[in-house]
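> Quick one: sequence and predicted model below, then my questions.
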Amino acid sequence: MSPLALVPNGVWAVRLRRASSELATKPYLSRLQRRRIRLTCLKPPAITALALAVLILVAALPQAALATPGTWSQPIGDMGMGRTGHTATLLPGDPAVSSKVLVVGGGNSESTFSDALLFGPANSDTWRYTGFMSDARAGHTATLLPSGKVLVAGGGNQNYFNLYSAETYDPATEKWSSTGDLKTARSGHSATLLPRGGADSPYLPFVVHASAELYDPAAGTWSYTGPMKAKRIKHTATLLPNGKVLVAGGDDGSGSASGVYASAELYDPAAGTWSYTGPMNAIREFHTATLLPYGKVLVAGGSYIFPISSAELYDPATGTWSYTGPMNAKRHRHTATLLADSRVLVAAGYGGNAYPYGYLGTADLYEPEPPPRVKLPALLAFFPFEGDARDASGNGRHGTVPGFGPYLVPGYQGQAYFFNGTTDYIIVPLDINPGKYPRLTMGGWAKKAASSSSIQPLLTHDDGWYDRQVGLDTRGGGVGWSAFCGPTGQVLGAAPAIQDKWTFVVVVYDQIAQTVKLQVDDMVLTKTGVTLGPGDSALYIACAPMFQTYFRGALDNVFVFGDALTDRQLAYIRSGGAEAIMTAVPKANPAILYLLLMD
């Protein structure tokens, strides 16, 4: 939704780092206290009741509650038992009311745990127990799969033996079930969900390897891929927006301080090979790494001889690292989870602020710096779905809703449209043919609902020749988010589609460079040598009329740009939402005053 949607012309308005115009709604009040707020004059003019209400709301906020970007806070309760070697996974759900963090296993000097806890939802900030695993484990990995289940693999048990076993957690039933064993028993490894549905799970402590394995969720089996440049454990692995995996820090398993790394390397899934990138500023192991919404990676804590509190940011564009604010407590073997509101939750671990150190049951919250403003190209159409299908770009390309059409639901920001998967769609009077716009970017935020249909278009003008289209499909290497990229049935995909999770989905077409790029949250798929023909002269949202295929789920902040957006521009939009998109809308010229002189 547009942050300007509820703000009349000629008033002062509160604008947030991530756009939101539900300023006066109840769920938003608590989140306002966590954000850096700035006042912006939109146009000079008349103060309205809404403007007055917003100004009074902001004035009443306790100043101590406003988080400073680049800093940490401790506003939440303890987990109970102090622990290290656990995992934390953000589960699918509405970011405002139902998303939770699953914390699994770990241990302390007395025991290794098989329990699991849930933190959240966001409006409660509390902990509670959920189901128990079959095996107690610490130093394992936990990966959210496209099905919405969580895969837990490996780890070590109470007797210091590494585990082959793996099991999955179902958030719907809060129950665990066993799946296929690893090829190698491991602990202190990492796991990264790749675009084609695998979990890259390299490395093993005690007997250290540079090996890496790929997990096939459909078959429940594992296979080897290319080895790293350096054998390492206690490192991190992070999927970058360009599709590569960043591995940072860790140690060589020698048990010596000289074996701890500051080095980092990149894995290319397409080639199955590794290469070095810039080293971190600090030598560290047992740290965490979190991909932030605007593309940088936050590395926090860890240890080098003793626990440390420092944090730093990796910039994939330059391959370099820079320091950010330190945590409130020195800690290692903790977890870090990106929350729906862009903050990072760091929980538990081992450390403290003074020797002797101990097992921590505390947590820190990181407020990231807002991304710098990025210039965007011409915006052709923008649909925030704030009560209707009007085009907020100023170009007048308002959508037509045949029949009863979709209905309003809570959105990624404000309101969204829910499409029923059988009759709901929107027609937009916008010709996106390559002859008119050789370069084009279109996308938005989608939340897939349960459906028996495997082909579900989000945005399309396809008239039968695999023209420009993005949506759910089976013809790109599996069921998932896909994009059409050729007149003879070429489909680029498939990026995992997780049910009931707001997902950033965008496709970039460049007819001149003959490329197609599909981005789904952090995953990026590309295809070269692509030339597309003409399609329909109208754009359809949530339906391909010729084939009577429909999308079932919710859509918000749908946008179309008349150019091929860069990775930096896409990161800016993903981080800033509607507010970022609206920076592409030209501002009205100030009125010109004429002085009439009369004799």
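Ah, there it is.
> With only the CA atoms kept, save stretch 223-238 in CSV.
Below are the C-alpha coordinates for stretch 223-238, written out as CSV (Å, rounded to 0.1, in the frame of the first residue of the first chain):
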residue,chain,number,x,y,z
SER,A,223,24.1,-36.1,-2.5
TYR,A,224,27.6,-34.5,-2.6
THR,A,225,28.5,-31.2,-4.4
GLY,A,226,31.9,-29.4,-4.9
PRO,A,227,34.2,-28.9,-1.9
MET,A,228,35.1,-25.5,-0.3
LYS,A,229,38.4,-23.8,-0.7
ALA,A,230,39.1,-24.3,3.0
LYS,A,231,37.9,-27.0,5.4
ARG,A,232,35.9,-25.3,8.1
ILE,A,233,33.4,-25.7,10.9
LYS,A,234,31.5,-23.2,13.2
HIS,A,235,31.1,-20.9,10.2
THR,A,236,27.9,-19.4,8.7
ALA,A,237,26.4,-19.8,5.2
THR,A,238,24.0,-17.1,3.7
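> Counting neighbours, which bits of it end up buried?
225, 227, 228, 230, 231, 232, 233, 234, 235, 236, 237, 238 (16 or more other CB atoms under 10 Å). In this view, the C-beta of every residue, glycine as well, is placed from N, C-alpha and C.
> How about stretch 260-275?
Buried-residue list, stretch 260-275, by 16+ other CB under 10 Å: 260, 261, 263, 264, 265, 266, 267, 269, 274.
> Just name the closest of those residues to residue 370, please.
residue 264 (25.2 Å; CB to CB).
> Just give me the neighbour total for the closest residue to the closest one other than its chain neighbours.
Closest residue to residue 264 apart from its sequence neighbours, by CB to CB, 6 or more residues apart in numbering: residue 248 at 4.2 Å. Under the neighbour criterion other CB atoms under 10 Å, residue 248 is assigned a count of 29.
> ok, what's across the strand from residue 248?
Under DSSP bridges, the beta-bridge partners of residue 248 are residue 236, residue 264.
> still on that earlier bit, report the two of the buried residues of stretch 260-275 separated the most.
Between all members of the buried residues of stretch 260-275, the farthest pair (by CB to CB) comes out as 260 and 269, at 27.1 Å.
> Let's see the pLDDT reported for residue 313.
The model reports residue 313 with a pLDDT of 96.
> Just give the closest residue to it, not the sequence neighbours.
That would be residue 296: by CB to CB, 6+ apart, it lies 4.8 Å from residue 313.
> I'd say the one you found and residue 312 touch.
No: counting by CB atoms under 8 Å, residue 296 stays clear of residue 312, with 9.9 Å between them.
> where are the low-confidence patches of the stretch 451-599 of the chain?
The model of the stretch 451-599 of the chain has pLDDT under 70 over residues 586-599.
> Show me where it has its strands.
All strands of the stretch 451-599 of the chain, identified by DSSP state E, counting those that start in this stretch, fall at 456-460, 469-473, 480-484, 491-495, 502-510, 515-520, 523-528, 539-541, 543-544, 549-550, 552-561.
> Show me what the last one pairs with in its sheet, parallel or antiparallel.
Spelled out, it's strand 552-561. For strand 552-561, pairing defined by DSSP bridges yields strand 379-383 (antiparallel), strand 415-420 (antiparallel), strand 439-448 (antiparallel).
> cool, the third one as well?
Within its sheet, and counting by DSSP bridges, strand 480-484 is paired with strand 469-473 (antiparallel), strand 491-495 (antiparallel).
> Buried residues in it, which are they?
For strand 480-484, by 16+ other CB under 10 Å, it's 480, 481, 482, 483, 484.
> For it, which outside residues touch it?
146, 197, 460, 462, 466-473, 475-476, 490-497, 503, 505, 507, 516, 518, 520, 532 (CB atoms under 8 Å, 6 or more residues apart in numbering).
> angle of it against strand 515-520?
Here the directions of strand 480-484 and strand 515-520 differ by 160 degrees (axes from the mean of the first three to the mean of the last three CA atoms, to 10 degrees).
> So in terms of bridging, what pairs with residue 442?
Bridge pairing for residue 442 - DSSP bridges - gives residue 507, residue 560.
> Contacts only, for the residue nearest to residue 264.
Residue 248 touches 235, 236, 238, 263, 264, 280, 287, 289, 297, 299, 314, counting by CB under 8 Å, 6+ apart.
> Correct me if wrong: the third one contacts residue 292.
No: counting by CB under 8 Å, no contact exists between residue 238 and residue 292, whose distance comes to 10.3 Å.
> Who are the contact partners of residue 331?
Here residue 331 is in contact with 301, 307, 309, 346, 348, 349, 350, 351, 352, 360 (CB under 8 Å, 6+ apart).
> Just give the closest residue to the fourth one, not the sequence neighbours.
Looking back up the chat, that one is residue 346. residue 364 (4.4 Å).
> Kindly reformat the contacts of residue 248 as TSV and extend each row with distance to residue 106.
Output for the contacts of residue 248, formatted as TSV (distance: CB to CB, whole Å):
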residue	distance to residue 106
235	18
236	17
238	21
263	27
264	25
280	25
287	16
289	18
297	23
299	20
314	26
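> Which of those residues sits closest to residue 79?
For these, the nearest to residue 79 is residue 287 (19.4 Å; CB to CB).
> Surely the closest one and residue 301 touch.
Yes: checked against CB under 8 Å, the pair residue 287 and residue 301 is within contact range at 5.3 Å.
> overlap in contacts of those two?
In contact with both residue 287 and residue 301: residue 332, using CB under 8 Å, 6+ apart.
> So which of those two has more stuff around it?
residue 287 (29 against 26).
> roughly how far is the longest helix seen in the chain from the heart of the chain?
Determined from DSSP state H, the single longest helix within the chain is helix 567-582. Here helix 567-582 is found 13 Å from its chain centre; the criterion is CA atoms, centre = their mean, to the nearest Å.
> How about stretch 138-157?
18 Å.
> repeat for stretch 252-267
28 Å.
> Just the CA trace of that stretch, in PDB.
Coordinates of each C-alpha in stretch 252-267 appear next as PDB, following Å, rounded to 0.1, in the frame of the first residue of the first chain:
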ATOM      1  CA  ASP A 252      39.900 -25.600  10.700                       C
ATOM      2  CA  GLY A 253      39.100 -28.000  13.500                       C
ATOM      3  CA  SER A 254      42.700 -28.000  14.900                       C
ATOM      4  CA  GLY A 255      41.600 -26.600  18.200                       C
ATOM      5  CA  SER A 256      44.200 -23.900  17.900                       C
ATOM      6  CA  ALA A 257      43.500 -20.100  18.000                       C
ATOM      7  CA  SER A 258      45.600 -19.800  14.800                       C
ATOM      8  CA  GLY A 259      43.100 -22.000  13.000                       C
ATOM      9  CA  VAL A 260      40.100 -19.600  13.400                       C
ATOM     10  CA  TYR A 261      39.300 -17.700  10.200                       C
ATOM     11  CA  ALA A 262      38.300 -14.200   9.200                       C
ATOM     12  CA  SER A 263      38.200 -15.500   5.600                       C
ATOM     13  CA  ALA A 264      35.000 -15.800   3.500                       C
ATOM     14  CA  GLU A 265      34.200 -17.600   0.300                       C
ATOM     15  CA  LEU A 266      31.300 -17.800  -2.200                       C
ATOM     16  CA  TYR A 267      29.500 -20.900  -3.600                       C
END
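> Could you list the residues in contact with it?
By CB under 8 Å, 6+ apart, stretch 252-267 touches 200, 205-208, 212, 226, 228-233, 235, 237, 240, 244-251, 273-285, 304-305, 314.
> what about it, average pLDDT?
91.
> returning to what we had before: now for the longest helix of the chain, which elements pack on it?
Applying 3 or more CB pairs under 8 Å, 6 or more residues apart in numbering; DSSP states H and E, we find helix 567-582 packed against strand 379-383, strand 502-510, strand 552-561.
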